[in-house]
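Asks: Turn this into a structure:
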Amino acid sequence: MLFLPSKSYTLSDIKAKNGYESLILFFSDELLIKLLKKYKVCFQKEIKTDNFICYINKDETLKNIFCSLELYSKNGVFDKNIINLKFEELFLYMLTSKNEIFNSYLSSLVKLNSIDFKAMFLDDIAFKTVFDMANAAKMDISSFSRKFKTLFKISPKEWIDDKRFDLALYLIKNSDKNINQICSECGFSSPAWFIARFKKKFNLTPNELKKSNNLYNLP
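Replies: Numbering: from 1, shown residues only. Below you'll find the predicted structure:
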C-alpha cells in the first residue's frame, strides 16, 4: 500500500494478470484536517524523502478494510459517506498501530500542503475582516492574501463574503427576520449592495427566496 500527495505519481511494472487489481482512494485536505483534529494527532518525526511517497506493507487488518470496500462496491452501496468512513477506519488503524512511517508521512504532508494554515479557515470561525484573518495567521496582509489565494483559489475578501452569504441564505430559509436584520447580522453594511450581490449569486433576491420558501413550507 502506498500514499501519495496531490500532483505526485509513481510507476509500476506489475502486469495486470492473475486477477491483479488496484484500488485508488482520493482524500481532500478538508477530510484530513477533520481527522487530524478529531483524533488530536501530534507529530514528532518527519519523513526523510524528497517525493513524499509513503510505502506500507499490507497486513491482515488492512486487507480486510479494503475487502470491505470492494464488497460495498459490488453491492452498489458505494457513496461518499461510506468512502469517508472507510478512510477514517483506515486512518485510525494506521494511527493506533503506531506506524512510524505513516505518522512521518502525515507530518510531512501537513507541511507540504500548508494544512495547518488551511485548518484555520476551514473551521466555523467568523472573521470580520481580512486584517483579522492575517492577524490570526501571524502574517502581514499582503503576504497573507497571496498565500490564501494560492491555496484556496479565492481572495480573502471573497471568502469572507461567501461565508456571510451562506449565513444569510440559512437565516432567510430558517428565521422570521426581515432582510435588513439579516443584512446587519451577517455583516453587510449596505442592504442595496447585499441584495444586488445576493441575486447575482443565487439568481433570486432575498425577498423572492423568502417568499418562495414560505410558499413551499405551507401546510
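
Asks: domain assignment for the chain?
Replies: 2-116, 124-219 (automatic domain parsing).

Asks: Now the weakest link among the ones you listed, please, by mean pLDDT.
Replies: If you rank the domains of the chain by mean pLDDT, domain 2-116 sits at the bottom with a mean of 75.

Asks: buried ones in stretch 23-39?
Replies: Buried residues in stretch 23-39, counted by 16 or more other CB atoms under 10 Å: 27, 29, 32-33, 35-36. Every C-beta, even on glycine, is put in place using the N, C-alpha and C of the backbone.

Asks: now swap in stretch 70-86 and tell me
Replies: In terms of neighbour count (16+ other CB under 10 Å), stretch 70-86 has its buried residues at 83, 86.

Asks: Quick one: end-to-end distance for it.
Replies: Taking CA to CA, to the nearest Å, stretch 70-86 runs 11 Å from one end to the other.

Asks: picking up where we left off before, looking at the domains of the chain, which one is packed in the most?
Replies: Mean neighbour count (mean count of other CB atoms under 10 Å) peaks for domain 124-219 among the domains of the chain, with a mean of 14.

Asks: distance between that one and the chain's centre?
Replies: 19 Å (CA atoms, centre = their mean, to the nearest Å).

Asks: Just give me the residue right at the centre of this structure.
Replies: residue 30 (2.1 Å; CA atoms, centre = their mean).

Asks: Now that one: which helix or strand?
Replies: Take DSSP states H and E as the rule and residue 30 turns out to sit in helix 29-38.

Asks: Which other helices and strands does that helix contact?
Replies: With contacts taken as 3 or more CB pairs under 8 Å, 6 or more residues apart in numbering; DSSP states H and E, helix 29-38 sits against helix 80-96, helix 100-112, helix 115-120.

Asks: Mind putting these into TSV with distance to residue 151?
Replies: Formatted as TSV, the helices and strands packed on helix 29-38 follow (distance: least, CB to CB, whole Å):
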stretch	distance to residue 151
helix 80-96	22
helix 100-112	12
helix 115-120	6
